[in-house]
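K.L.:
just coords:
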DNA sequence: AAGACGAAAGTGGTTGA
DNA sequence: TCAACAACTTTCGTCTT
């Protein structure tokens, strides 16, 4: 392996990098380093001397000296889902020194005290305790609902803000986490119905709703107006609806919005009924029950919405008799 | 039997006096 | 602070396929 940091026999990577001064191919000393690709290239003959270089630079950018100062750190990138943001050095648990020798009993006692000191602020400090518990709950919820890592981190950020403003006091941690997740999903435009989140949470829907209202009231979160369209893709996916039917649903919702039928209506419910109609129009009929349970509303709501839509949007149906088919007569 | 329908009563939140 | 109100839920009997 000529260029391998993978290969042990190449020795220390940095030594190797420093050693290279001449191109092994043509002997030229004009060697360029391509930082973005992680390669060293001979500018005379074009041969790649070293590839897959380790980037020892930073993963962030800074535009002013101030920013540069603020962002500098050592260690791994900050993660908001870890209660101390992942910035720690741990004292190991095996009683050995760096060389692997056993410690003397006196030294061992000393290390034991140090460990205790280290754990102290993490577990015993009330904020740390709260966040530890909250983030464990977030982890649990996220895996139940298959929430992306980035949305998880965003949720954690919202929760931290809420905590710092003292909003958690008097509310349950579970409720607050669920509410933060709901808010995060709304802001990122990948909403889940509140009821869906509440269903997996240990807090009930009422509690989550209360916490959510608290969040938007006291953290100035810019939450976009709930749009039924944001639900269509996900519901459609779960129902195995064709993209044609999904498009049909979008069209219906667009019209509904123009007619002002969407104001004051529960967006998941509205999305559900639009999907119900389009599933019929495209001959991929789904039952009201199936769609309703996905959107976490009752069949009654789906019915009411869909009756309304059909009537006001003049989607005139001709209901045929026997195989219970509905055709679009334009 | 499953799905759709709609009436009636109940729930929790918002609004406006 | 309280009553009216709109949207949604729960429950249930009936009709259709």
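P.N.:
Nice, thanks for sending it over. If you're wondering where the values come from, they're calculated on a predicted model, not measured in any experiment. Numbering: from 1, shown residues only, chains lettered A, B, ... in the order given.
K.L.:
Now the residue of the stretch 1-150 of chain A found nearest DNA strand C: phi and psi?
P.N.:
Taking Cβ to the nearest atom of the strand, DNA strand C has its nearest neighbour within the stretch 1-150 of chain A at residue A:145, 18.7 Å off. Backbone N, C-alpha and C define where each C-beta goes, glycine included. With angles defined as degrees, to the nearest 10, residue A:145 sits at phi -100, psi 10.
K.L.:
Neighbours of it, how many?
P.N.:
Residue A:145 has 16 neighbours, counted by other Cβ atoms under 10 Å.
K.L.:
Run a quick neighbour tally on the residue nearest to it when sequence neighbours are not counted.
P.N.:
Once its chain neighbours are removed from consideration, residue A:145 has its nearest residue in residue A:200; the separation is 5.8 Å (Cβ to Cβ, 6 or more residues apart in numbering). Residues near residue A:200, counting by other Cβ under 10 Å, number 15.
K.L.:
and if you look at the one 4 residues further on?
P.N.:
Using other Cβ under 10 Å, the number of residues around residue A:204 comes to 15.
K.L.:
separation between it and residue A:311?
P.N.:
Residue A:204 sits 35 Å away from residue A:311, taking Cβ to Cβ, to the nearest Å as the criterion.
K.L.:
one step back: for the residue nearest to residue A:145, list the residues it contacts.
P.N.:
A:141, A:144-145 (Cβ atoms under 8 Å, 6 or more residues apart in numbering).
K.L.:
picking up where we left off before, residues in contact with the residue of the stretch 1-150 of chain A closest to DNA strand C?
P.N.:
Going by Cβ under 8 Å, 6+ apart, the list of residues near residue A:145 reads A:181, A:192, A:196-197, A:200.
K.L.:
Please tell me which one of those residues counts the most neighbours.
P.N.:
Scoring the contacts of residue A:145 on neighbours with other Cβ under 10 Å, the highest-scoring entry is residue A:181 at 29 neighbours.
K.L.:
Relative to residue A:27, how far out is residue A:171?
P.N.:
When distance is defined by Cβ to Cβ, residue A:171 is 71 Å away from residue A:27.
K.L.:
should've said residue A:241
P.N.:
Where residue A:27 is concerned, residue A:241 sits at a distance of 65 Å (Cβ to Cβ).
K.L.:
When these two are compared, which one has more neighbours?
P.N.:
Relative neighbour count places residue A:241 above the other of residue A:241 and residue A:27, with 23 against 10, counting by other Cβ under 10 Å.
K.L.:
Just checking stretch A:258-276 against DNA strand B, any contact.
P.N.:
No. Where contact is defined by Cβ under 7 Å from any atom of the strand, no part of stretch A:258-276 touches DNA strand B; the two come within 7.6 Å at best.
K.L.:
If you count neighbours, what's buried in that stretch?
P.N.:
Within stretch A:258-276, the residues that qualify as buried are A:261-262, A:265-276, counting by 16 or more other Cβ atoms under 10 Å.
K.L.:
Compute the first-to-last residue distance for that stretch.
P.N.:
End-to-end span of stretch A:258-276 (Cα to Cα, to the nearest Å): 20 Å.
K.L.:
Name the SS class of residue A:263, please.
P.N.:
Recorded secondary structure, residue A:263: coil (DSSP: H, G, I helix; E, B strand; the rest coil).
K.L.:
Against DNA strand B, how distant is the residue in chain A positioned nearest to DNA strand C?
P.N.:
For chain A, the nearest residue to DNA strand C under the criterion Cβ to the nearest atom of the strand is residue A:266, separated by 2.7 Å. Plainly put, residue A:266 is 11 Å away from DNA strand B if you go by Cβ to the nearest atom of the strand, to the nearest Å.
K.L.:
Over to residue A:297?
P.N.:
12 Å.
K.L.:
Go ahead and confirm that residue touches residue A:271.
P.N.:
No. Residue A:297 is not in contact with residue A:271 according to Cβ atoms under 8 Å; the separation is 9.6 Å.
K.L.:
wouldn't the residue of chain A closest to DNA strand C be in contact with residue A:302 here?
P.N.:
No. Between residue A:266 and residue A:302 there is no contact under Cβ under 8 Å: 10.5 Å.
K.L.:
show me the contacts for residue A:314.
P.N.:
Under the criterion of Cβ under 8 Å, 6+ apart, residue A:314 has no contact partners.
K.L.:
got a pLDDT number for it?
P.N.:
The predicted structure scores residue A:314 at 71 on the pLDDT scale.
K.L.:
May I ask you to confirm that it belongs to a strand?
P.N.:
No. Secondary structure assignment places residue A:314 outside any strand; it is coil (three-state DSSP).
K.L.:
Residue A:138 and residue A:153 touch, don't they?
P.N.:
No. Because the distance of 9.7 Å does not satisfy Cβ under 8 Å, residue A:138 is recorded as not touching residue A:153.
K.L.:
anything in contact with each of the two?
P.N.:
residue A:81.
K.L.:
quick check: domain ranges of chain A?
P.N.:
Listed by automatic domain parsing, the domain ranges of chain A are A:8-50, A:127-218, A:229-328.
K.L.:
Select, out of those, the one closest to residue A:81.
P.N.:
Using Cβ to Cβ as the measure, domain A:127-218 is the one of the domains of chain A that comes nearest residue A:81, at 4.8 Å.
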